[in-house]
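Asks: Sequence first, predicted coordinates after that:
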Amino acid sequence: MDTDRPDALERLDLTTEALAGLRDIFAAEEPLATALERVVLSAARMIPDADAVTITRLGKHEPDSVAWTDDRYLEIDKHQHVADRGPCLEAARSLRPVRASTNEHREQWPEFAAAAERVGVQAYLSVPLLVEAEGRAGELVGALNLYSHTAAAFDPFDEALMRLFSTAAAQAIGNAGRWQQSRDQVRNLEIALASRAEIDQAKGILMAVHRCTAEEAFEKLVELSQRRNVKVRQVAKEFLDSVLQDPS
């Protein structure tokens with residue numbers, strides 16, 4: 001055991017500070033990307049031996065890295081994603097932490113071991129991230145990955161602390177994701193309402209100029225939209241702009 005490492009009480013204090021930082025995410029209304037960045041930075045401050053922290057997301061397609069403290073370590077994640085094996089994927093899929101030195105699984109994960117060695121990583125700790133989903137017990141996001149240049153890094157106490165941290169982090173990420181989804185829905189509604197207003201105004205002008213019905217005016221906009229291969233709202237906006245610019 002490395003006697004220079006912080007003792008358990010000091011590491012527990014660092015965890016308390018990190019959890020306090022996650023509490024700020026709950027209070028703040030900020031984009032998901034910002035919340036993810038805050039999570040990895042908090043994890044790096046929490047575990048003194050962590051030289052880099054990343055988050056691997058398991059999506060519908062290929063796994064990818066969605067947050068990191070240092071982009072020099074992204075190659076380690078990338079090689080795991082491409083090979084479809086490594087500690088980050090093992091932690092995510094098994095829903096169990098994976099902690100070891102780089103040399104321990106050289107034959108099992110050769111791509112990961114080679115990439116880790118190139119940047120001097122000698123130990124790692126990956127813990128699963130499960131974000132609460134409405135109506136379901138949990139939705140798998142991926143894994144929180146810690147990399148260290150210290151071979152003796154990440155003992156069982158660090159693993160226990162990270163399991164606690166990852167639970168709070170997943171809730172913070174889920175909160176940020178729901179807020180961003182709500183914000184995007186409101187923004188899309190605003191765009192839709194603005195577009196409807198422009199289309200209605202354009203129809204009104206066409207009805208007055210061509211003495212036609214609302215349905216006929218809309219058909220004229222649709223016809224022009226199809227001919228130019230652009231959306232109806234863009235045709236309506238450009239038509240209104242041309243009317244406003246023409247003093248006659």
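Replies: Nice, I can see it. Residues are numbered from 1 along each chain as shown.
Asks: if you go through this protein in chain order, where are the strands?
Replies: Using DSSP state E, the strands of the chain run over 52-57, 64-68, 98-101, 123-133, 136-148.
Asks: would you turn the ones you listed into CSV with mean pLDDT and distance to Arg196?
Replies: No exception for glycine: its C-beta is placed from N, CA and C like everyone else's. Below are the strands of the chain laid out as CSV (pLDDT from 0 to 100; distance: least, C-beta to C-beta, whole Å):
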stretch, mean pLDDT, distance to Arg196
strand 52-57, 94, 36
strand 64-68, 92, 35
strand 98-101, 92, 52
strand 123-133, 84, 32
strand 136-148, 78, 34
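Asks: and of these, who's closest to Val243?
Replies: Val243 lies closest to strand 64-68 among the strands of the chain, at 45.9 Å (C-beta to C-beta).
Asks: how about that closest one: buried residues?
Replies: Along strand 64-68, these residues count as buried under the neighbour rule (16 or more other C-beta atoms under 10 Å): Ser65, Val66, Ala67, Trp68.
Asks: Repeat that for stretch 85-102.
Replies: Residues of stretch 85-102 classed as buried under the neighbour-count rule (16+ other C-beta under 10 Å) are 85-92, 97-99, 101-102.
Asks: Pick the one among these closest to Leu146.
Replies: So of those, ranked by how close each gets to Leu146 (C-beta to C-beta), first place is Arg99, at 8.9 Å.
Asks: Next one: that closest one from Ala143, what distance?
Replies: Counting by C-beta to C-beta, to the nearest Å, the gap from Arg99 to Ala143 is 12 Å.
Asks: Which neighbours do those two have in common?
Replies: Ser126 (C-beta atoms under 8 Å, 6 or more residues apart in numbering).
Asks: In this protein, where is pLDDT below threshold?
Replies: Applying pLDDT under 70 to the chain flags the ranges 1-29, 132-140, 176-194, 246-248.
Asks: again, only using 90
Replies: Low-confidence segments of the chain (pLDDT under 90): 1-39, 42, 45-48, 57-62, 100, 102-106, 129-142, 152, 155-158, 160-248.
Asks: The buried residues of strand 64-68: which two are farthest apart?
Replies: The span of those, defined through C-beta to C-beta, is set by Val66 and Trp68 at 8.4 Å.
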